[in-house]
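Peer 1: Next come a sequence and a model predicted from it.
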Protein chains: 2
Amino acid sequence: MLMAKEEKERYSANSLVRGLEILKLFSEERPTLSLVEIAKELDVSRTVPFRLLYTLQTLGYLYQDEHTKRYNLTPKVLELGFAYLSTLKLPEIAQPYLEKLRDETGASCHLSILDGHEVVYVGSAAARGVSAVNVNIGLRLPAHAVANGKVQLAYQPQERLNQVLYGSNLTPFTERTKTDFVDFQQELATIREQGYAITKGELHHGIQSVAAPIINRSGQVIAAINLVATDTILHNEFIEKAALPKVLEVSEILSGFMGNHVKN
Amino acid sequence: MLMAKEEKERYSANSLVRGLEILKLFSEERPTLSLVEIAKELDVSRTVPFRLLYTLQTLGYLYQDEHTKRYNLTPKVLELGFAYLSTLKLPEIAQPYLEKLRDETGASCHLSILDGHEVVYVGSAAARGVSAVNVNIGLRLPAHAVANGKVQLAYQPQERLNQVLYGSNLTPFTERTKTDFVDFQQELATIREQGYAITKGELHHGIQSVAAPIINRSGQVIAAINLVATDTILHNEFIEKAALPKVLEVSEILSGFMGNHVKN
DNA sequence: AATTTTGTTTGACAATTTAAAACACGTTTC
DNA sequence: GAAACGTGTTTTAAATTGTCAAACAAAATT
């Protein structure tokens, strides 16, 4: 993450680092892993992950298949993320509003927060039927290519923006993705003035999104809500007349709830 | 988990153990923690968590407030649990069905799996309006007091049941909670015969629940779906005539999807 | 049957972790 | 305003671990 000229890390609880790395190696594509696979990924001898895997297993985060000897994650790993979610009260408060918005518009409605250059989904009300965009809690998407990301970036101090967007970001996904830093900054300024963001096909062709910020009493953006759907549902007129006003209304309500959190 | 007579742990990647412990110390009640608080909880000198906290911060899982010096979890911890969720395809497949059931019945609908003596919620469609039961993904509830827990317990091999329910479990929550092991076993047998479970006020007064198992082609129960609502919504007639048949229908559909997962 | 791959254990050395002590800095107490 | 206290941080040195290489057993391949 840190590009790093490596003064030398002050500390590095190595087994902690590696243990967490192991947990993160598991994915949809690789739901199970063997000792050797893990050792190769970490680029260490087999003994190292062997001991860590033993520990993770003892703690209950991993399960080893007796026959194949391969490792799986267990539901216990959810405890880790769950602790975080429960420190946020917002998703709980927002959920009924997300569902109301979804029902009134037919689009999927989400609640997300910003983490670096990515948005993280922390609440969701999926549209009925074959929804074009399938978002699960915990999903990360590049902030610069989604409306809820932009609207959160728009309210960041310039300094953080520079940090966050420095270097390899602004990756294009379609020909409509904004990739020029100066253009992008200008768009953010507009968004900040308007108080909302709209994206059209910047991450996927034909997918539109409308987003508004949730702002606490200190004026910080702490989250965003957005609607996403194909352009047949979220066409321009519908956005203007229906979707956008509703999103703004809800974002204001939710902003009202916030503010007792950060005590400066 | 293993009751253990503690020969002496073969290995213990201590900093991994402690690091994960630290992440788990955060909760809704204690969203931020100080160094001293953490040191006390772990019962070690301040140096230990200091180094681990530094590491966790470097990895991005924690954030330290500059002024107060207190630590918070960051959204990055969701990555850990998210890896697990993405290894399960079921929640994704099930979501539209959960919502359909919710809409057709007015009750909240959930998908859960069994972890030891607890159920873990991995999918949810919350009822509109003021829902009596608020379930977020990752929530754990005692399996013996909820319908979705019972229906999963009912299909466990006897041996595992003994393990799981040994000792301090079968904790009562209301006067209707089953606490006698023999009674409970008998109820499980009935549930297994019926193919569904119904609970009435065993965890909370006035809250009813109907659950059915999701079974893969090897005959193992891998999850359960359930409906929960107050007894005014889920009254007996409605359960019989509407809720239960619908739940059973969906559980069969979802069972049909499963089975290519476990290759023995 | 021979070879390779994988999981597991052991040994010896290097590296980290640990508690205690010491320091810096605010806060509180007297 | 000085002394005592609580925290976060650094240093120290002894105890514990983590590490690689080597070796073995058991599968899986050839």
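Peer 2: Alright, I've got the coordinates. What you are looking at is a predicted structure, and each value in this text was computed from that prediction instead of being measured.
Peer 1: Please parse chain A into its domains.
Peer 2: A:14-74, A:81-257 (automatic domain parsing).
Peer 1: next structured bit after the helix or strand of chain A with the lowest mean pLDDT?
Peer 2: Sorting the helices and strands of chain A by mean pLDDT, DSSP states H and E puts helix A:77-87 at the bottom, at a mean of 81. Reading on from helix A:77-87 to the C-terminus, the next helix or strand found by DSSP states H and E is helix A:90-105.
Peer 1: re the thing from before, so which of the domains of chain A comes closest to residue B:212?
Peer 2: Relative to residue B:212, the nearest member of the domains of chain A by Cβ to Cβ is domain A:81-257, separated by 22.1 Å. The C-beta positions use only the backbone N, C-alpha and C, and glycine is treated the same way.
Peer 1: and the closest one, anywhere near chain B?
Peer 2: Yes - against chain B, domain A:81-257 shows contacts by Cβ under 8 Å from any Cβ of the partner chain at A:81-87, A:89, A:91-92, A:95-96, A:99-100, A:103, A:113, A:115, A:120, A:122, A:126, A:128-129, A:134, A:136-140.
Peer 1: all strands of chain A, in order?
Peer 2: Assigned by DSSP state E, chain A shows strands spanning A:32-33, A:62-64, A:71-73, A:108-115, A:118-125, A:140-142, A:197-200, A:207-215, A:221-230.
Peer 1: Out of the ones you listed, which is closest to residue B:225?
Peer 2: Proximity to residue B:225 (Cβ to Cβ) singles out strand A:118-125 among the strands of chain A, at 18.5 Å.
Peer 1: For that closest one, give me every contacting residue.
Peer 2: Residues from elsewhere that reach strand A:118-125, judged by Cβ atoms under 8 Å, 6 or more residues apart in numbering or on different chains: A:85, A:88, A:90-91, A:94-95, A:98-99, A:101-102, A:108-114, A:135-143, A:146, A:148-149, A:152, A:223-224, B:75, B:78.
Peer 1: CA atoms only for that strand - export them in CSV, please.
Peer 2: C-alpha atoms of strand A:118-125 as CSV (Å, rounded to 0.1, in the frame of the first residue of the first chain):
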residue,chain,number,x,y,z
GLU,A,118,-12.6,2.8,-2.7
VAL,A,119,-16.1,2.8,-1.6
VAL,A,120,-17.2,0.1,0.8
TYR,A,121,-20.9,-1.0,0.8
VAL,A,122,-22.3,-1.2,4.3
GLY,A,123,-26.0,-1.3,3.5
SER,A,124,-28.0,-2.4,0.6
ALA,A,125,-31.6,-2.8,-0.7
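Peer 1: Could you point out which residue ranges in chain A have low pLDDT?
Peer 2: Scanning chain A for pLDDT under 70 picks out the ranges A:1-10, A:128-134, A:167-168, A:259-264.
Peer 1: any idea what sits nearest residue A:242, other than its immediate chain neighbours?
Peer 2: Spatial nearest neighbour of residue A:242, excluding adjacent residues (Cβ to Cβ, 6 or more residues apart in numbering or on different chains): residue A:105 at 6.5 Å.
Peer 1: and if you look at residue A:107?
Peer 2: residue A:229 (3.6 Å).
Peer 1: Write out the residues of chain A neighbouring DNA strand C.
Peer 2: Proximity of chain A to DNA strand C, by Cβ under 7 Å from any atom of the strand, involves residues A:11-16, A:34-36, A:46-47, A:50, A:64, A:69-70.
Peer 1: which one of these is nearest residue B:193?
Peer 2: Nearest to residue B:193 among these: residue A:64, at 33.9 Å, using Cβ to Cβ.
Peer 1: pretty sure that closest one is touching residue A:53, no?
Peer 2: Yes - judged on Cβ atoms under 8 Å, residue A:64 makes contact with residue A:53 at a distance of 7.4 Å.
Peer 1: what about those two, which has more around it?
Peer 2: residue A:53 (22 against 17; other Cβ atoms under 10 Å in any protein chain shown).
Peer 1: Now for that one: which residues touch it?
Peer 2: Residue A:53 is in contact with A:22, A:35, A:38, A:62, A:64, A:71, counting by Cβ under 8 Å, 6+ apart.
Peer 1: among those residues, which ones are buried?
Peer 2: The neighbour-count criterion (16 or more other Cβ atoms under 10 Å in any protein chain shown) marks A:22, A:35, A:38, A:62, A:64, A:71 among the contacts of residue A:53 as buried.
Peer 1: The residues you listed into a markdown table, with extra columns for distance to chain B?
Peer 2: Converted to a markdown table, the buried ones among the contacts of residue A:53 look like this (distance: Cβ to the nearest Cβ, whole Å):
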| residue | distance to chain B |
| --- | --- |
| A:22 | 9 |
| A:35 | 14 |
| A:38 | 14 |
| A:62 | 10 |
| A:64 | 13 |
| A:71 | 11 |
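Peer 1: need the contact list for the nearest residue to residue A:208 once chain neighbours are set aside.
Peer 2: Among residues not flanking residue A:208 along the chain, residue A:234 sits closest, at 4.1 Å (Cβ to Cβ, 6+ apart). Taking Cβ under 8 Å, 6+ apart, we find residue A:234 in contact with A:105, A:107, A:208, A:209, A:210, A:227, A:228, A:243.
Peer 1: between those, which is closest to DNA strand D?
Peer 2: residue A:209 (40.1 Å; Cβ to the nearest atom of the strand).
Peer 1: okay, now the closest one: neighbour count?
Peer 2: Counted with other Cβ under 10 Å, residues neighbouring residue A:209 total 30.
Peer 1: now the residue of the stretch 51-200 of chain A found nearest DNA strand C: how far from chain B?
Peer 2: Taking Cβ to the nearest atom of the strand, DNA strand C has its nearest neighbour within the stretch 51-200 of chain A at residue A:69, 3.8 Å off. Taking Cβ to the nearest Cβ, to the nearest Å as the measure, residue A:69 falls 14 Å from chain B.
Peer 1: isn't that residue right up against residue A:37?
Peer 2: No - using Cβ under 8 Å, residue A:69 makes no contact with residue A:37, being 11.1 Å away.
Peer 1: Using PDB, list the CA coordinates for stretch A:174-182.
Peer 2: The C-alpha trace of stretch A:174-182 is given here as PDB (Å, rounded to 0.1, in the frame of the first residue of the first chain):
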ATOM      1  CA  THR A 174     -15.500   2.300 -19.900                       C
ATOM      2  CA  GLU A 175     -14.800   5.100 -22.300                       C
ATOM      3  CA  ARG A 176     -16.900   7.400 -20.100                       C
ATOM      4  CA  THR A 177     -14.700   7.000 -17.000                       C
ATOM      5  CA  LYS A 178     -13.000  10.300 -16.200                       C
ATOM      6  CA  THR A 179      -9.300   9.700 -16.100                       C
ATOM      7  CA  ASP A 180      -7.800  13.200 -16.200                       C
ATOM      8  CA  PHE A 181      -7.000  14.500 -12.700                       C
ATOM      9  CA  VAL A 182      -7.800  18.100 -13.600                       C
END
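Peer 1: Sort out which residues of that stretch are buried, please.
Peer 2: For stretch A:174-182, a neighbour-count test (16+ other Cβ under 10 Å) marks A:177, A:178 as buried.
Peer 1: Kindly report the same for stretch A:51-69.
Peer 2: Using 16+ other Cβ under 10 Å as the test for burial, stretch A:51-69 gives A:51-56, A:58-64.
Peer 1: any idea how far residue A:232 lies from residue A:208?
Peer 2: Relative to residue A:208, residue A:232 is positioned 9 Å away (Cβ to Cβ, to the nearest Å).
Peer 1: ok, the two, which is more surrounded?
Peer 2: Legend: neighbour count by other Cβ under 10 Å for residue A:232 and residue A:208, higher for residue A:208 (26 against 10).
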